[in-house]
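[1] Sequence and predicted model, in that order:
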Amino acid sequence: MPETRVNETSVIHTSDEDMAEAVRQACALLQRGEIVALPTETVYGLAADALNAEACAKIFEAKERPAFDPLIVHIGSRRDLETVARIPEEIAETVAKLANEFWPGPLTLILPKQVVIPDIVTSGLDSVAVRQSAHPVFRAVNKALGRPIAAPSANRFGRISPTSASAVMKELGGRIPLIVDGGACSEGLESTIISIEAREGKKPLFHLHRAGPVTKEMLQPLGKVEKLKPGAALASAAPGQLESHYAPLTPLRLLDHPRDFVPDPGKRYGLLCYRGDDDCPYVRRHAWDRIEPLSPGSGKLAEAAIRLFFAMRQLDEAGLDEIIAQPVSETGLGVAIMDRLRRAATRAQ
Ligand code: TXA
Ligand code: MG
């Protein structure tokens with residue numbers, strides 16, 4: 001890695017007046033085959049020109065990402081979809097409906113790939129994951145570059161996805177030349193990923209590869225949603241689906257009942273809870289060293305989703321021995337939140 005290490009990482013802020021300059025700088029680097037961290041509405045992405053295999057290789061190096069984990073390709077406009085993916089006729093109508101309904105936005109479709117997409121992007125698979133980001137900065141860079149952008153989340157492999165420029169700096173500072181600071185991400189969780197299976201005389205089947213901001217309830221009018229079973233042929237090599245992922249360095253334990261918490265004397269414990277009011281049985285159970293509520297007071301899943309990775313980072317940096325997490329209800333966005341919490345709770349072997 002040393003030869004590709006960039007010692008200085010600059011941060012450029014975006015506001016209405018200086019967005020054009022940030023877009024220009026990001027675009028100039030991408031055109032030269034460099035990698036740049038950009039904000040999206042879900043999490044920050046580490047971007048490269050998706051048609052430039054050498055540039056994409058730098059993403060894997062900077063993230064220490066194994067080569068078998070494919071990248072998501074972002075398109076600047078709907079017209080670019082067929083540049084990167086082949087749309088089989090039997091699902092063409094469904095793809096058009098999904099794109100109309102959810103793009104630009106946090107839905108990623110797995111489709112057969114076109115040959116222009118280098119193998120490194122798809123880890124040798126014959127499918128490509130595609131989405132169109134809704135973030136104004138990302139969209140502007142995508143359009144100015146005039147090419148698709150490969151971008152995984154801008155964290156080191158297996159770690160918590162960054163939802164702010166400062167989180168990207170902690171993950172990748174010194175390894176990449178530029179971070180474009182577009183403020184906090186409005187969704188806070190990575191996109192929903194599906195593949196589509198046509199069915200004779202029935203609504204199509206959506207295989208859910210990763211739960212995310214576009215929920216099962218939102219997809220159901222257009223097809224039947226089925227969670228991809230681990231080990232299924234379709235699951236292929238997709239380590240976002242690895243059991244241990246999105247993990248803080250501090251051990252995290254999901255606790256179904258606060259009464260099951262028995263502290264070890266002298267150990268420091270943090271609590272990741274939902275509302276965090278004074279009468280919450282988790283809050284009352286222990287004199288916690290640190291408490292991070294996901295949706296303080298109001299108990300809204302959308303707010304919890306936005307705050308989840310930020311709160312995990314805060315707890316991870318608090319010098320604790322263990323993080324105890326309260327489960328949230330598994331409906332709507334709660335499915336994606338619980339998915340991330342379970343993976344964070346699973347220690348890598
Ligand atoms: O919201 C998001 O999706 C963010 C932003 C930056 O767009 N990106 C993101 O990328 O979360 P990443 O690399 O962290 O997660 C992408 C997931 C991985 O689990 C990868 O294995 C899966 O997508 N994936 C990519 N291409 C695939 C393919 N052809 N088949 C199956 N899974 C694929
Ligand atoms: Mg990721």
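    Happy to help now that I have it. In this text, all values refer to a predicted model and were calculated from it rather than measured experimentally. Ligands and ions are numbered 1, 2, ... in the order given.
[2] quick one, strands of the stretch 151-300 of the chain?
    178-181, 192-199, 202-210, 224-227, 252-254, 269-273, 290-293 (DSSP state E, counting those that start in this stretch).
[3] Would you mind giving those strands as JSON lines with mean pLDDT and distance to ligand 1 added?
    In short, each C-beta sits where N, CA and C put it, glycine included. As requested, the strands of the stretch 151-300 of the chain are exported to JSON lines (pLDDT from 0 to 100; distance: least, Cβ to the nearest ligand atom, whole Å):
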{"stretch": "strand 178-181", "mean pLDDT": "98", "distance to ligand 1": "13"}
{"stretch": "strand 192-199", "mean pLDDT": "97", "distance to ligand 1": "5"}
{"stretch": "strand 202-210", "mean pLDDT": "96", "distance to ligand 1": "6"}
{"stretch": "strand 224-227", "mean pLDDT": "96", "distance to ligand 1": "14"}
{"stretch": "strand 252-254", "mean pLDDT": "96", "distance to ligand 1": "19"}
{"stretch": "strand 269-273", "mean pLDDT": "98", "distance to ligand 1": "21"}
{"stretch": "strand 290-293", "mean pLDDT": "97", "distance to ligand 1": "22"}
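[4] Reformat those as TSV; add mean neighbour count.
    Shown next, in TSV, are the strands of the stretch 151-300 of the chain (neighbours: other Cβ atoms under 10 Å):
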stretch	mean neighbour count
strand 178-181	24
strand 192-199	20
strand 202-210	18
strand 224-227	15
strand 252-254	18
strand 269-273	25
strand 290-293	20
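[5] Of all those, which one is nearest residue 110?
    In terms of Cβ to Cβ, the element of the strands of the stretch 151-300 of the chain nearest to residue 110 is strand 192-199, at 4.0 Å.
[6] which other helices and strands contact the closest one?
    helix 89-102, strand 107-112, strand 202-210 (3 or more Cβ pairs under 8 Å, 6 or more residues apart in numbering; DSSP states H and E).
[7] report the angle between the axes of the last one and helix 89-102?
    Strand 202-210 and helix 89-102 meet at an angle of 60 degrees, taking axes from the mean of the first three to the mean of the last three Cα atoms, to 10 degrees as the criterion.
[8] Kindly report the residues of the stretch 1-150 of the chain close to ligand 1.
    Residues of the stretch 1-150 of the chain lying close to ligand 1 (Cβ under 6 Å from any ligand atom) are 40, 42-43, 45, 69-72, 106, 108, 110, 122, 125, 127-129.
[9] rewinding a little: let me have the helices and strands packed on strand 192-199 in TSV, extended by distance to residue 300.
    What follows is those, written out as TSV (distance: least, Cβ to Cβ, whole Å):
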stretch	distance to residue 300
helix 89-102	21
strand 107-112	21
strand 202-210	22
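[10] thought residue 7 was touching residue 174?
    Yes: the criterion here is Cβ atoms under 8 Å, and residue 7 meets it with residue 174 at 6.0 Å.
[11] So for these two, which residue has more residues nearby?
    Set side by side, residue 7 and residue 174 show more neighbours around residue 174, with 11 against 8, by other Cβ atoms under 10 Å.
[12] doesn't residue 156 make contact with the more buried one?
    No: at 11.9 Å, residue 174 and residue 156 do not qualify as touching, with contact defined as Cβ under 8 Å.
[13] Counting residues, name the longest helix you see in the protein.
    Ranked by residue count, the top helix of the chain under DSSP state H comes out as helix 301-316.
[14] Packing partners of that one?
    helix 165-172, strand 269-273, strand 290-293, strand 322-325, helix 334-345.
[15] CSV please, covering these and showing distance to residue 83.
    Listed next are the helices and strands packed on helix 301-316 as CSV, based on distance: least, Cβ to Cβ, whole Å:
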stretch, distance to residue 83
helix 165-172, 28
strand 269-273, 42
strand 290-293, 43
strand 322-325, 42
helix 334-345, 29
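[16] just the ones you listed: most buried one?
    Compared across the helices and strands packed on helix 301-316, strand 269-273 shows the largest average neighbour count, a mean of 25 (mean count of other Cβ atoms under 10 Å).
[17] Just want the angle from that strand to helix 301-316.
    Using the same axes, to 10 degrees: strand 269-273 against helix 301-316 is 170 degrees.
[18] got the contact list for strand 269-273?
    250, 252, 263, 280, 282-283, 286, 288-294, 311-312, 315, 318, 320-326 (Cβ atoms under 8 Å, 6 or more residues apart in numbering).
[19] Now the stretch 51-200 of the chain against ligand 1: closest residue?
    residue 152 (2.8 Å; Cβ to the nearest ligand atom).
[20] Low-confidence stretches in this protein?
    1-6, 16, 230-244, 348-349 (pLDDT under 70).
[21] List the residues that contact the residue lying closest to residue 18 once chain neighbours are set aside.
    Among residues not flanking residue 18 along the chain, residue 12 sits closest, at 7.8 Å (Cβ to Cβ, 6 or more residues apart in numbering). Taking Cβ under 8 Å, 6+ apart, we find residue 12 in contact with 18, 21, 22, 25, 26, 178, 179, 180, 181.
[22] hmm, back to that, possible to save the strands of the stretch 151-300 of the chain as JSON lines with distance to residue 245?
    Conversion of those to JSON lines gives the following (distance: least, Cβ to Cβ, whole Å):
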{"stretch": "strand 178-181", "distance to residue 245": "22"}
{"stretch": "strand 192-199", "distance to residue 245": "13"}
{"stretch": "strand 202-210", "distance to residue 245": "10"}
{"stretch": "strand 224-227", "distance to residue 245": "16"}
{"stretch": "strand 252-254", "distance to residue 245": "12"}
{"stretch": "strand 269-273", "distance to residue 245": "17"}
{"stretch": "strand 290-293", "distance to residue 245": "20"}
